[in-house]
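Asks: No sequence on hand, only this structure:
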């Protein structure tokens, strides 16, 4: 019993920490910018694909992880440009980028193949193989403990970065833009730039998250981003409803813990015998439950008042 | 200070451009440094459009907007912000609800500057903000860390006003900023507005629906009708103006149309 609990917790941390960055990235676009950004499903995969392909090509894994983030940043910028410059609605801008990324991801994963024609220069999966990843850096003997420690350090750096960035004049302007564009403009803030950069920063985190996940699972797959949005949103809402959002610092940490708790729930479900092909169904059911909790809370409150 | 030259603005009401409404009809206006102009007029008279043309939210079909001898026609809304302080009709419009009073004021304080990666809060501002908030007499000086969405409509408008004037703007634009408040709060905010404008000598344009306010406050009164300026008085002439006279002016126009 104790072994099982330990196993579930370690597993939740192994997956939850890389995915915490995904949740943070989605938090930036959905909560800070109030922008329904679907780019994440593509930029998450791109981050993983760029990272793994880079590793196979012999580039330093730390550098390719950063490159994964930078490629995510570029995706966010692209979506932002579509929305602000070409006036395409937010949701559609994200879908367009995501769709384009599907092909691009296949190309990136095929880059390591020695194919003679362009028509064959794609692949739906790329394996790390015997190459070194950032998790090869051995600090603890146990592979999982090692992965948790390295992920935790990266997550800590990213959280510190986000906290600092959104406290600067520039970051404050992005937050103001997300809350009230009219107010932002009348305070001299260029809302176009703020939306573009904001989406870039969000997708940077998502790209890094993809890179970490791919390295942990030792492979990048074309469908690894499917459902990323639901996982991220569920983590955010879960974190918010348990740990609150009193201050900005409190809010970021809530999102982070939300992601880990989300994977704890998934881990428990799998341990109770849920077949893995039902996972995505579980994701959907879980987010419905999480979304409904505040509504039920309200209903219960009303009933209490009536009972009095 | 502010010069409008032959401003015309039309809106297409339908897609095929068959139905065009003229919101501003060749308007020219010059406002001097230190003037406090009240603008009055019915719905659809073009007063809000005029405000939006000055602030850069709309661009005019033709004509020039000149602020302080600089043609600002090609400056976007956020670039014009360095000249302007604005308070809107909707109390939620002028502040960021999920940010604290302190954060809102920091943003307003840095309206004219490039946004850098420097830390957004400065300790030395804290006391300065506290002092200006205490002048509002609304008890906001003890609530600096609180989110603005917790404030009442009147408090939010007063804060927006303070933010608009914290760095003296070249022109203060007030777009019916008391219309959404209850009468008592509206009076309080308006008195406060008048105090700030007269002590700081800020060039101001204030749109109002209330004739009494338009007469009571300001050094110059402009009445608009159907996209045109139909009445413009200042100085002594304005101070002698009565409500009946103003109403007569308004009725005159209505009769012409019928």
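Replies: On my side now, so go ahead. Computed from a predicted model, the values in this text were never measured in an experiment.

Asks: Could you report the neighbour count for residue 100?
Replies: Reading this off chain A. Neighbour count of residue A:100, defined by other Cβ atoms under 10 Å in any protein chain shown: 14. Every residue, glycine included, has its C-beta placed from N, CA and C.

Asks: wrong one, I was asking about chain B
Replies: 19.

Asks: looking at the sheet around it, what are its partners?
Replies: residue B:147 (DSSP bridges).

Asks: helix, strand or coil for residue A:239?
Replies: The three-state label given to residue A:239 by DSSP: H, G, I helix; E, B strand; the rest coil is helix.

Asks: Could you report the separation of the residue nearest to it when sequence neighbours are not counted from residue B:236?
Replies: Beyond its immediate neighbours in the sequence, the residue positioned closest to residue A:239 (Cβ to Cβ, 6 or more residues apart in numbering or on different chains) is residue A:258, lying 2.3 Å away. Distance from residue A:258 to residue B:236, counting by Cβ to Cβ, to the nearest Å: 67 Å.

Asks: more crowded one of those two?
Replies: Per other Cβ under 10 Å, whichever of residue A:258 and residue B:236 has more neighbours is residue A:258, with 26 against 8.

Asks: Make sure the residue nearest to residue A:239 is actually in contact with residue A:231.
Replies: No: counting by Cβ atoms under 8 Å, residue A:258 does not reach residue A:231; the two are 10.5 Å apart.

Asks: Please enumerate the shared neighbours of the two.
Replies: Here residue A:258 and residue A:231 share the contacting residues residue A:23, scored by Cβ atoms under 8 Å, 6 or more residues apart in numbering or on different chains.

Asks: Now stretch A:71-88: average pLDDT?
Replies: In this model, stretch A:71-88 has a mean pLDDT of 97.

Asks: again but with stretch A:145-153, I slipped
Replies: Here the average pLDDT along stretch A:145-153 is 92.

Asks: can you check stretch A:253-263 too?
Replies: 93.

Asks: Near chain A, which residues of the stretch 51-200 of chain B are found?
Replies: Counting by Cβ under 8 Å from any Cβ of the partner chain, the stretch 51-200 of chain B comes close to chain A at B:55, B:57, B:76-79, B:81-82, B:84, B:86, B:88, B:92-99, B:103, B:106-108, B:110-113, B:115-121, B:163.

Asks: quick one: which of the residues you listed sit in helices?
Replies: Using DSSP state H, B:55, B:77-79, B:103, B:106-108, B:163 are the members of these that sit in helices.

Asks: of those residues, closest to residue A:154?
Replies: residue B:103 (28.8 Å; Cβ to Cβ).

Asks: Can you tell me, leaving aside adjacent residues, what's nearest to that closest one?
Replies: residue A:172 is the one closest to residue B:103 (Cβ to Cβ, 6+ apart), at 6.3 Å.

Asks: can you count the residues close to the one you found?
Replies: Neighbours of residue A:172 (other Cβ under 10 Å): 25.

Asks: what helix or strand is it on?
Replies: Using DSSP states H and E, residue A:172 maps to helix A:169-179.

Asks: Any idea how far that helix is from the middle of the chain?
Replies: Mean C-alpha position of helix A:169-179 versus that of the full chain (Cα atoms, centre = their mean, to the nearest Å) differs by 21 Å.

Asks: And the contacts of that helix?
Replies: For helix A:169-179, using Cβ under 8 Å, 6+ apart, the contacting residues are A:31-35, A:164-166, A:183-184, A:187, A:189, A:191, A:194-195, A:197-198, A:201, B:96-99, B:103, B:106-107, B:110, B:113, B:115-120.

Asks: Where does chain B get nearest to chain A, residue-wise?
Replies: Residue nearest to chain A within chain B (Cβ to the nearest Cβ): residue B:81, separated by 3.6 Å.

Asks: thought that residue was touching residue B:111?
Replies: Yes: the criterion here is Cβ under 8 Å, and residue B:81 meets it with residue B:111 at 5.7 Å.

Asks: Tell me which of those two has more neighbours.
Replies: Neighbours per residue (other Cβ under 10 Å) separate residue B:81 from residue B:111, with residue B:81 holding more: 24 against 21.

Asks: Spit out the contact partners of the nearest residue to the more buried one once chain neighbours are set aside.
Replies: Closest residue to residue B:81 apart from its sequence neighbours, by Cβ to Cβ, 6+ apart: residue A:188 at 3.6 Å. By Cβ under 8 Å, 6+ apart, the residues touching residue A:188 are B:78-79, B:81-82, B:110-113.

Asks: Please pick the buried ones from those residues.
Replies: B:78, B:81-82, B:110-111 (16 or more other Cβ atoms under 10 Å in any protein chain shown).

Asks: For residue A:241, state which of the residues you listed is nearest.
Replies: Out of the buried ones among the contacts of residue A:188, the member with the shortest distance to residue A:241 (by Cβ to Cβ) is residue B:110, at 34.7 Å.

Asks: Need phi/psi at that closest one.
Replies: Per-residue torsions, residue B:110: phi -100, psi 30 (degrees, to the nearest 10).

Asks: how far away is it from residue A:170?
Replies: 11 Å.

Asks: In a strand, residue B:4, correct?
Replies: Yes: per three-state DSSP, residue B:4 lies within a strand segment.

Asks: For the nearest residue to it once chain neighbours are set aside, give me its contacts.
Replies: Closest residue to residue B:4 apart from its sequence neighbours, by Cβ to Cβ, 6+ apart: residue B:29 at 4.5 Å. By Cβ under 8 Å, 6+ apart, the residues touching residue B:29 are B:2-4, B:222, B:229.

Asks: Could you do residue A:102 as well?
Replies: A:42, A:222.

Asks: ok, now residue A:263?
Replies: A:11-13, A:15-16, A:19.

Asks: Those residues of the stretch 151-300 of chain A touching chain B, which are they?
Replies: Counting by Cβ under 8 Å from any Cβ, the stretch 151-300 of chain A sits next to chain B at A:165, A:167-173, A:175-176, A:179-180, A:182-191.

Asks: quick check: angle from the helix holding residue A:172 to helix B:101-109?
Replies: 110 degrees (axes from the mean of the first three to the mean of the last three Cα atoms, to 10 degrees).

Asks: Give me the mean pLDDT for helix A:169-179.
Replies: On average, helix A:169-179 scores 95.

Asks: Show me what the helix or strand following that helix is packed up against.
Replies: As assigned by DSSP H and E, the chain's next helix or strand after helix A:169-179 is helix A:181-186. With contacts defined as 3 or more Cβ pairs under 8 Å, 6 or more residues apart in numbering or on different chains; DSSP states H and E, the packing partners of helix A:181-186 are helix A:169-179, helix A:191-217, helix B:77-80.

Asks: Could you identify which of those helices is most buried?
Replies: helix A:191-217 (a mean of 28; mean count of other Cβ atoms under 10 Å in any protein chain shown).

Asks: to the chain's geometric centre, what's the distance from the next helix or strand after it?
Replies: Next helix or strand after helix A:191-217 toward the C-terminus (DSSP H and E): strand A:219-221. Centre-to-centre, strand A:219-221 and its host chain are 16 Å apart (Cα atoms, centre = their mean).

Asks: partners of strand A:219-221, with directions?
Replies: By DSSP bridges, strand A:219-221 pairs with strand A:125-127 (antiparallel).

Asks: Please, where are all the helices along the chain?
Replies: I went with chain A, as the question did not name one. Assigned helices in chain A, in chain order: A:2-27, A:40-56, A:61-84, A:90-110, A:143-165, A:169-179, A:181-186, A:191-217, A:228-243, A:248-271, A:279-307 (criterion: DSSP H).

Asks: wrong one, I was asking about chain B
Replies: Under DSSP H, chain B gives helices at B:47-55, B:77-80, B:101-109, B:123-134, B:153-165, B:183-200, B:211-216, B:235-240, B:243-257.
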